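>>> Sequence and predicted structure are below.
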Amino acid sequence: MSTMNTVGRPTTPNRVESKPATLTGGRGLLQNEHLIFESDGWGKTGVDLPEPKTDGSDLGDLVRRDPIGLPGLSEPETMRHYVRLSQKNHAIDLAIYPLGSCTMKHNPRLNEKMARLPGFSDIHPLQPQSTVQGALQLMDSLSHWLTTLTGMPAVALSPKAGAHGELCGLMAIRAAHRAAGNGLTSDKPRNKVLVPTSAHGTNPATAAFVGYTVVEIAQTDDGRVDLADLEAKLGDDVAAIMVTNPNTCGLFERDILEISRLTHEAGAYFYCDGANFNAIVGRVRPGDLGVDAMHINLHKTFSTPHGGGGPGAGPVVLSEALAPFAPAPWVVNTGDGFKLVEREEDEAEQAFGRLCAFQGQMGMYVRALSYMMSHGSDGLRQVAEDAVLNANYIKARLSDVMSAAFPEGPCMHEALFDDEWLKGTDITTLDFAKAMIDEGFHPMTMYFPLVVHGAMLIEPTETESKAELDRFIHAMRALAEAAKAGDVDRFKGAPFHAPMKRLDETRAARQPVLRWTAPDGSNMAAE
């Protein structure tokens with residue numbers, strides 16, 4: 001049998017020193033896909049329907065009279081086009097996605113199954129409340145989990161993202177100061193918000209949007225809030241501070257209780273950016289730290305990695321002092337069922353009103369509660385412990401070939417490196433990141449936080465196995481050694497194997513080309 005199988009066909013691969021260029025531009029079984037505008041099919045249609053005998057349209061003069069500007073593709077052609085495009089994207093389902101401060105972790109499929117249940121996926125916000133009791137009960141349960149995990153008495157579910165949550169929290173703070181006679185238009189306004197230099201960019205942007213003047217707080221050499229600078233800048237004109245904890249350098253603010261005390265003594269409120277809650281969930285309750293308001297990215301801490309403009313949710317937990325100023329409505333268990341209620345008349349004058357037309361993103365509520373219930377309180381604690389363990393493993397394994405920005409002591413959920421180790425190599429952080437693409441890894445967050453020169457911020461999350469971390473570490477070490485060995489061309493020309501090569505990223509951001517020009521000179525909107 002073995003003899004018959006080898007007759008007429010070679011079993012040993014030929015040794016070929018050079019790789020010939022392919023005729024189609026494809027690589028292996030990955031197809032080379034053109035823009036949809038470059039597809040054949042301009043003279044055909046992808047469907048076969050008879051001409052209507054009567055015009056049943058009620059669009060009037062809104063009916064399209066010009067060609068739509070797209071080729072007529074059949075269903076297989078259309079499907080293949082978009083599947084081929086999707087194969088060119090990196091995703092958390094393919095490999096580690098080490099974006100620092102973004103918590104790109106595996107999304108359990110159970111959560112997706114729950115979010116697609118008919119009672120959740122097809123409800124309408126204008127349905128009678130008696131017909132959506134299950135959804136309201138879920139929102140009530142989610143609120144209970146969030147207030148329990150944070151040690152805060154109240155939560156506003158409606159914010160749709162982290163920055164939207166910041167807006168909610170600062171508007172509640174503004175309303176509280178207005179009620180106390182220290183509003184922005186009063187004789188003695190509290191019109192300043194203090195923000196650390198390492199804060200997420202949305203923090204100062206949100207404060208400015210609400211009408212506050214942003215004042216920076218300095219950072220110490222070990223990457224934490226400078227208490228002396230904070231105390232010097234606190235005064236009766238400060239409305240709030242905005243501190244991320246764990247902070248954007250991947251470090252826990254060990255003076256957080258003193259920060260809280262100083263803030264409250266000055267009559268200001270403590271807003272905590274909860275983007276990194278994944279590192280402390282089940283371990284630390286922000287309410288016990290003196291926090292007055294904190295947004296929680298459900299789409300980061302409680303599954304569904306964010307990115308790509310998809311739906312998010314950023315509920316805000318509030319202290320007892322700020323709870324009266326939260327936006328309406330509230331989910332209330334009346335004993336006879338659940339209902340959304342507005343505020344009482346005397347409370348309505350204090351609160352700033354609604355944050356959005358309806359109550360938020362139901363799909364995210366379902367996913368988050370599914371994640372919480374499937375993990376349980378002990379499982380959520382382990383989430384934080386494993387996230388911190390993984391980050392410290394990466395820091396320990398790479399610190400001998402790369403320079404840790406803050407080498408002393410452990411980090412929290414993310415390992416931060418600077419570009420000190422690249423000095424003398426003529427290779428930049430960007431060059432190194434582009435070479436990572438050739439090795440099959442999405443680059444980590446680069447050049448952020450701004451307080452670290454050439455920053456490389458890596459967050460492995462808790463969902464990566466040791467085997468996957470070792471694979472990532474092996475590639476990082478090999479690239480680091482190649483950089484130090486002087487293999488500059490490997491980095492300056494990277495990525496060599498990606499569908500798109502190196503771009504002038506500054507020019508692409510400032511002068512983006514959003515139209516495709518056909519060979520005949522006509523223009524169409526690009527994909």
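Here it is on my side, so go on.
>>> Show me where the stretch 151-300 of the chain has its strands.
Assigned by DSSP state E, counting those that start in this stretch, the stretch 151-300 of the chain shows strands spanning 154-156, 192-196, 213-217, 238-244, 269-273, 293-295.
>>> mind checking the SS state of the residue lying closest to Arg283 once chain neighbours are set aside?
Take Arg283 and drop its neighbours on the chain: the residue closest to it by C-beta to C-beta, 6 or more residues apart in numbering is Ala384, 4.9 Å away. C-betas here are computed from N, CA, C, even on glycine. Classification of Ala384 using DSSP: H, G, I helix; E, B strand; the rest coil returns helix.
>>> So what's the residue count around Ala384?
21 (other C-beta atoms under 10 Å).
>>> check contacts around it.
278-283, 413, 462 (C-beta atoms under 8 Å, 6 or more residues apart in numbering).
>>> Please identify which of those is nearest to Gly119.
Distances from Gly119 to the contacts of Ala384, taken as C-beta to C-beta, are shortest for Val281 (27.5 Å).
>>> Helix, strand, or coil at the residue nearest to Glu33 when sequence neighbours are not counted?
Once flanking residues are discounted, Glu33 sits nearest to Arg84: 4.0 Å by C-beta to C-beta, 6+ apart. The three-state label for Arg84, taken from three-state DSSP, comes out as helix.
>>> which ones are touching Ser198?
Per C-beta under 8 Å, 6+ apart, neighbours of Ser198: 219, 223, 244, 247-249, 449-451.
>>> just Ala483 next, same as before
Contacts of Ala483 by C-beta under 8 Å, 6+ apart are 422, 425, 427, 432, 491.
>>> Please tell me how far the second one sits from Ala455.
It stands for Thr425. 17 Å (C-beta to C-beta, to the nearest Å).
>>> quick one: which of these two has more around it?
Remark: of Thr425 and Ala455, Ala455 carries more neighbours, 22 against 19, as counted by other C-beta under 10 Å.
>>> what comes up buried for the helix or strand harbouring Asn111?
Taking DSSP states H and E as the criterion, Asn111 maps to helix 109-115. Of the residues in helix 109-115, 111, 114-115 count as buried by neighbour count, 16 or more other C-beta atoms under 10 Å.
>>> that older thread, in ChimeraX, how would I select the buried members of the contacts of Ser198?
Buried residues within these, by 16+ other C-beta under 10 Å, are selected in ChimeraX with:
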select :219,223,244,247,248,249,449,451
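>>> of the contacts of Ser198, closest to Gly211?
Nearest to Gly211 among those: Thr244, at 21.8 Å, using C-beta to C-beta.
>>> Now for the closest residue to that closest one other than its chain neighbours: which residues touch it?
In this structure, Thr244 finds its nearest non-sequential neighbour in Asp273, 3.9 Å apart by C-beta to C-beta, 6+ apart. Taking C-beta under 8 Å, 6+ apart, we find Asp273 in contact with 162, 166, 199-200, 203, 242-245, 294-295.
>>> Including pLDDT and distance to Phe120, could these go into JSON lines?
Compiled in JSON lines, those are given as follows (pLDDT from 0 to 100; distance: C-beta to C-beta, whole Å):
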{"residue": "Gly162", "pLDDT": "90", "distance to Phe120": "23"}
{"residue": "Glu166", "pLDDT": "97", "distance to Phe120": "27"}
{"residue": "Ala199", "pLDDT": "90", "distance to Phe120": "35"}
{"residue": "His200", "pLDDT": "88", "distance to Phe120": "31"}
{"residue": "Asn203", "pLDDT": "95", "distance to Phe120": "33"}
{"residue": "Met242", "pLDDT": "98", "distance to Phe120": "34"}
{"residue": "Val243", "pLDDT": "97", "distance to Phe120": "35"}
{"residue": "Thr244", "pLDDT": "95", "distance to Phe120": "32"}
{"residue": "Asn245", "pLDDT": "95", "distance to Phe120": "33"}
{"residue": "Met294", "pLDDT": "98", "distance to Phe120": "26"}
{"residue": "His295", "pLDDT": "97", "distance to Phe120": "23"}
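>>> Tell me where the model's unsure across the stretch 301-450 of the chain.
305-310, 343-350 (pLDDT under 70).
>>> That one: strands as residue ranges?
Counting by DSSP E, counting those that start in this stretch, the strands of the stretch 301-450 of the chain are 316-318, 330-333, 338-341, 415-417, 445-446.
>>> what distance separates the last one from the middle of the whole chain?
Just to be clear, that refers to strand 445-446. 13 Å (C-alpha atoms, centre = their mean, to the nearest Å).
>>> any idea which helix or strand comes after that strand?
strand 456-458.
>>> other SSEs contacting that next one?
strand 415-417, helix 429-438, strand 445-446 (3 or more C-beta pairs under 8 Å, 6 or more residues apart in numbering; DSSP states H and E).
>>> Save these as TSV, and put in mean neighbour count and distance to Gly25 too.
Shown next, in TSV, are those (neighbours: other C-beta atoms under 10 Å; distance: least, C-beta to C-beta, whole Å):
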stretch	mean neighbour count	distance to Gly25
strand 415-417	29	36
helix 429-438	21	18
strand 445-446	18	29
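>>> could I get the ones you listed as JSON lines with distance to Val341?
What follows is the helices and strands packed on strand 456-458, written out as JSON lines (distance: least, C-beta to C-beta, whole Å):
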{"stretch": "strand 415-417", "distance to Val341": "45"}
{"stretch": "helix 429-438", "distance to Val341": "50"}
{"stretch": "strand 445-446", "distance to Val341": "42"}
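>>> Can you say which of these is nearest to Ala95?
helix 429-438 (11.0 Å).
>>> Centre of the chain to that closest one, how far?
Worked out by C-alpha atoms, centre = their mean, helix 429-438 lies 21 Å from the chain centre.
>>> If you count contacts, what does that helix end up packed against?
strand 445-446, strand 456-458, helix 466-484, helix 488-492.
>>> Point out the most buried one among the ones you listed.
strand 456-458 (a mean of 26; mean count of other C-beta atoms under 10 Å).
>>> So for it, mean pLDDT?
Strand 456-458 shows a mean pLDDT of 98.
>>> contact partners of it?
Contacts of strand 456-458 (C-beta under 8 Å, 6+ apart): 98-101, 248, 250, 391, 394, 402, 414-419, 429, 432-433, 444-446, 448-449.
>>> Run through the residues that contact the nearest residue to Gly181 once chain neighbours are set aside.
Using C-beta to C-beta, 6+ apart and skipping the chain neighbours, the partner closest in space to Gly181 is Lys188 (7.7 Å). Lys188 makes contacts with 181-182, 236-237, as judged by C-beta under 8 Å, 6+ apart.
>>> Which member of the residues you listed is positioned nearest Val210?
Nearest to Val210 among those, with distances taken as C-beta to C-beta, is Asn182, at 14.5 Å.
>>> show me the contacts for the residue nearest to the closest one when sequence neighbours are not counted.
In this structure, Asn182 finds its nearest non-sequential neighbour in Arg190, 4.5 Å apart by C-beta to C-beta, 6+ apart. Residues near Arg190 by C-beta under 8 Å, 6+ apart: 177, 182-184, 236-239, 267-268.
>>> What subset of those is buried?
177, 182-183, 237-239, 267-268.
>>> Return the closest of the residues you listed with respect to Pro311.
Ala239 (30.8 Å).
>>> residues in contact with Leu450?
Contacts of Leu450 (C-beta under 8 Å, 6+ apart): 197-198.
>>> gap between it and Ala228?
Leu450 is 21 Å from Ala228, by C-beta to C-beta.
>>> Let me see the residues that make contact with stretch 109-116.
Counting by C-beta under 8 Å, 6+ apart, 120-121, 303-304, 363, 366-367, 370-371, 374 sit against stretch 109-116.
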